[in-house]
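Asks: this one's structure only:
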């Protein structure tokens, strides 16, 4: 499996969030605290990550902290792609 660069994943996620919310998001903004994510939208993001990056998000990986920021989501994707133990 190809491991995507962190910066590439982050930019793609910022673009995805912008396309869905019409807001500009910083990579370290707490998406839940700022009202950017609901539990339903978080599940949409899980599906997006799985389809876009060919990863499977299951079990302990579904923790809110893995989806709190763009950076944390990118770290999760890289770990699931086999880039190491980042974000555990």
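Replies: Happy to help now that I have it. Here the structure is a predicted model, which means the values were calculated and not measured.
Asks: hmm, residue 4 is touching residue 54, no?
Replies: No: applying C-beta atoms under 8 Å as the test, residue 4 and residue 54 come out as separate, 9.9 Å apart. Just so you know, the C-beta spots here come from the backbone N, C-alpha and C atoms, and that holds for glycine as well.
Asks: of the two, who's got more company?
Replies: Between residue 4 and residue 54, residue 4 has the larger neighbour count (other C-beta atoms under 10 Å), namely 19 against 13.
Asks: before we move on, back to that, give me the common contacts of residue 4 and residue 54.
Replies: residue 81 (C-beta atoms under 8 Å, 6 or more residues apart in numbering).
Asks: for residue 3, what is the enclosing helix or strand?
Replies: When elements are assigned from DSSP states H and E, residue 3 belongs to no helix and no strand.
Asks: could you do the one 10 residues further on as well?
Replies: Using DSSP H and E, residue 13 maps to helix 6-21.
Asks: what mean pLDDT would you report for that helix?
Replies: What helix 6-21 shows for mean pLDDT is 96.
Asks: what residue is smack in the middle of this structure?
Replies: The chain has residue 73 as the residue nearest its centroid, 2.8 Å off, counting by C-alpha atoms, centre = their mean.
Asks: so that residue sits against residue 65, correct?
Replies: No: look at residue 73 against residue 65 with C-beta under 8 Å: they stay out of range, at 10.4 Å.
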